[in-house]
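> okay, predicted coordinates and the sequence, questions at the end:
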Amino acid sequence: MWAVALRTLGDPDEAADAVQDAFVSAYRKAHSFRGEAAVTTWLHRIVVNACLDRMRRKSVRPVADDELIEAAERDTPMPDQTGEREVSMEVSAALKRLPADQRAALVLVDMMGYSVEDAAQVLSVPSGTVKSRCARGRAKLAPILSHLRNRTDLSRVSSAKGAELRDG
Amino acid sequence: MTGDTHYDLEILAELAEGLLDASTAEQVREHLAACDPCGELLADLAAVREVLAATPTPAMPMGVAMRIDQALAREASGGRVGLVESPDWDELTREALEPVRLGVVAEDGSIVPARNRRSARRRRWAMPAVAAAAAAVVVGTAAVGTSLMAGGGGSPVKKDNMALPQPSKTSLGYVVTDTDYNWSAQDLKQPLREFFAAAPASEGGGVDTKVTACVSKVSNRTKLKPFMVDQSEFNGQEALIIASWKDKVAQRVRVDVVDPFKCKNIVKPTLGSWN
């Protein structure tokens, strides 16, 4: 949930506030949890909503300076692998350019590996909406991130999907 | 459609998501079979997914986990103790987050604050919330419990009962404290005096030259005179909290939060009040 909040909001302070709000709100609403969805889905929905609320309230956000992004990345519990960190910073910065809805969809589906259906439940929208938000978000990110395409450490990630599409 | 007219990224992304109707999808695929530039664009789109999937997702910093645990603990006990007025949550959090630190009695009878926990803190905390909750309980039970009770009566628990030496001026012209407190952006908006006041000062000779060098650097940058420096954490990350007078008469303080290693500001400097 921290990862979702951090990636959606792009700012560790905001993410911390959002997650805290979400957990307190989940605690208060626990009695209304009816088991119609998995607990994690329900919690994620609350976290994502807390993030989206925050983004809407501050719709005119100042572009966070590099220091803030760096601060976010420094919280990463991994040893500093410079290349990885650079990519991570670029991704954070690129995500910030997307509208909130598209960003939230991409964070869940592409970063967290949620299925479209699960993401749809978390976001409380139909699957088709998640798909089109992902599609539009990826279309915006493609020119920004295309230079990362040939990085060796990404090549191990299968691109079978792309090949499959190209071959029909 | 032929080689002269290309599809834009959005159409290609929709194709990839299976959002196009069958005949349009067929058209686009035919075009893709013959058009290298559009094939490249499609590969770029696939790369976006791969880059996003490969981007490491950081674990929640310990400080955040503890904040949440405490918020939940307050939530849990709030109903039971039946507080008349809403307690000052920030005050409670601060009390709870400050680990109880016992000093060591030196040969001459003076009390030396316990130190050198820095190595333990340098580990990057990647604890699940449950484990963090356990830690928070160990550190904070007494403080949270008593503060909650006191909250009804209106006065926060004072820490006078702890054998901590008072901060003392050093030849540096500023006081260096070592609170181990995990600062948040919210704290910088509060009266700052309370955050520094109860803190034990680092004893003479205990101040790292790296710290003094960094404080001088910040001072040169801000053209202000620092008077309080806390070696602690900001959002779970090691930091120097440097307070300088912006306007002593008005009790306005500029706070710089810097990384102790690179001496770079971690967050934008803030202007707060001392009292």
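In hand now; what should we look at?

> which ones are touching residue A:137?
The neighbours of residue A:137, taking Cβ atoms under 8 Å, 6 or more residues apart in numbering or on different chains as the test, are A:98, A:102, A:103, A:105, A:106. Any C-beta I mention is one placed from the backbone N, CA and C, and that applies to glycine too.

> which of those ranks first by neighbour count?
Neighbour tally across the contacts of residue A:137 (other Cβ atoms under 10 Å in any protein chain shown): the maximum, 30 neighbours, falls on residue A:105.

> how close does it sit to residue B:191?
Using Cβ to Cβ, to the nearest Å, residue A:105 is found at 42 Å from residue B:191.

> just residue B:247 next, same as before
Residue B:247 sits 15 Å away from residue B:191, taking Cβ to Cβ as the criterion.

> ok, now residue B:172?
Using Cβ to Cβ, which is the criterion applied here, residue B:172 is 24 Å from residue B:191.

> which one of those two has more residues nearby?
Regarding residue B:172 and residue B:191, a neighbour count based on other Cβ under 10 Å identifies residue B:172 as having more, with 16 against 13.

> quick check: the more buried one is in a strand.
No: inclusion of residue B:172 in a strand is not indicated when DSSP: H, G, I helix; E, B strand; the rest coil is applied; the result is coil.

> so it sits against residue B:212, correct?
Yes: counting by Cβ atoms under 8 Å, residue B:172 touches residue B:212, with 6.2 Å between them.

> ok, which stretches of chain B are strands?
B:104-105, B:111-112, B:175-177, B:182-183, B:226-234, B:237-247, B:252-258, B:270-273 (DSSP state E).

> so the fifth one versus strand B:237-247, what angle?
Right, strand B:226-234. For strand B:226-234 against strand B:237-247, the angle between stretch directions is 150 degrees (axes from the mean of the first three to the mean of the last three Cα atoms, to 10 degrees).

> partner strands of strand B:226-234 and their direction?
strand B:175-177 (parallel), strand B:182-183 (parallel), strand B:237-247 (antiparallel) (DSSP bridges).

> which residues sit against it?
Contacts with strand B:226-234, where a contact means Cβ under 8 Å, 6+ apart, come from B:63, B:121, B:173-184, B:192, B:195-196, B:199, B:202, B:211, B:215, B:218-219, B:238-245, B:257, B:260, B:266-267.

> quick one: buried residues of the helix or strand hosting residue A:134?
With elements delineated by DSSP states H and E, residue A:134 resides in helix A:127-145, which encompasses its position. By neighbour count, with 16 or more other Cβ atoms under 10 Å in any protein chain shown as the criterion, the buried positions of helix A:127-145 are A:129-142, A:144-145.

> report how many residues lie close to residue B:259.
Applying other Cβ under 10 Å, we find 19 residues neighbouring residue B:259.

> for the one 10 residues further on, same thing?
Using other Cβ under 10 Å as the criterion, residue B:269 is surrounded by 18 other residues.

> swap in the one 4 residues further on?
Residues within reach of residue B:273, counting by other Cβ under 10 Å, total 15.

> measure it to residue B:15 for me?
As defined by Cβ to Cβ, residue B:273 lies at a distance of 58 Å from residue B:15.

> still on that earlier bit, just the buried residues of the contacts of strand B:226-234.
Neighbour-count burial (16+ other Cβ under 10 Å) is assigned, among the contacts of strand B:226-234, to B:63, B:121, B:174-184, B:192, B:195-196, B:199, B:202, B:211, B:215, B:218-219, B:238-245, B:257, B:260, B:266-267.

> who touches residue B:214 in this structure?
If you count contacts by Cβ under 8 Å, 6+ apart, residue B:214 has them with B:240, B:258, B:260, B:263.

> which residues touch the first one?
Read that as residue B:240. B:211, B:214, B:215, B:229, B:230, B:231, B:256, B:257, B:258, B:259, B:260.

> dump the strands of chain B to CSV, plus distance to residue B:20 and mean pLDDT.
Formatted as CSV, the strands of chain B follow (distance: least, Cβ to Cβ, whole Å; pLDDT from 0 to 100):
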stretch, distance to residue B:20, mean pLDDT
strand B:104-105, 72, 52
strand B:111-112, 73, 52
strand B:175-177, 63, 82
strand B:182-183, 51, 84
strand B:226-234, 49, 87
strand B:237-247, 46, 88
strand B:252-258, 50, 89
strand B:270-273, 50, 84
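
> could those be laid out in a markdown table, adding distance to residue B:33?
Rendered in a markdown table, the data for the strands of chain B read as follows (distance: least, Cβ to Cβ, whole Å):
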| stretch | distance to residue B:33 |
| --- | --- |
| strand B:104-105 | 77 |
| strand B:111-112 | 78 |
| strand B:175-177 | 69 |
| strand B:182-183 | 58 |
| strand B:226-234 | 55 |
| strand B:237-247 | 51 |
| strand B:252-258 | 56 |
| strand B:270-273 | 58 |
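
> of the ones you listed, which is nearest residue B:72?
For the strands of chain B, the distance to residue B:72 is smallest for strand B:182-183, at 17.0 Å, taking Cβ to Cβ.

> which residues does the closest one contact?
Residues outside strand B:182-183 that contact it (Cβ under 8 Å, 6+ apart) are B:62-63, B:66, B:97, B:195, B:230, B:232-236, B:239, B:241, B:257.

> where does chain B dip in pLDDT?
Low-confidence segments of chain B (pLDDT under 70): B:1-4, B:78-171, B:197-206.

> recalculate using a threshold of 90.
Applying pLDDT under 90 to chain B flags residues B:1-8, B:37, B:40, B:43-44, B:47, B:50-214, B:216-239, B:245-254, B:258-275.

> tell me where it has helices.
Counting by DSSP state H, one finds helices in chain B at the ranges B:9-16, B:22-34, B:36-54, B:62-81, B:89-97, B:118-122, B:129-153, B:193-197, B:209-222.
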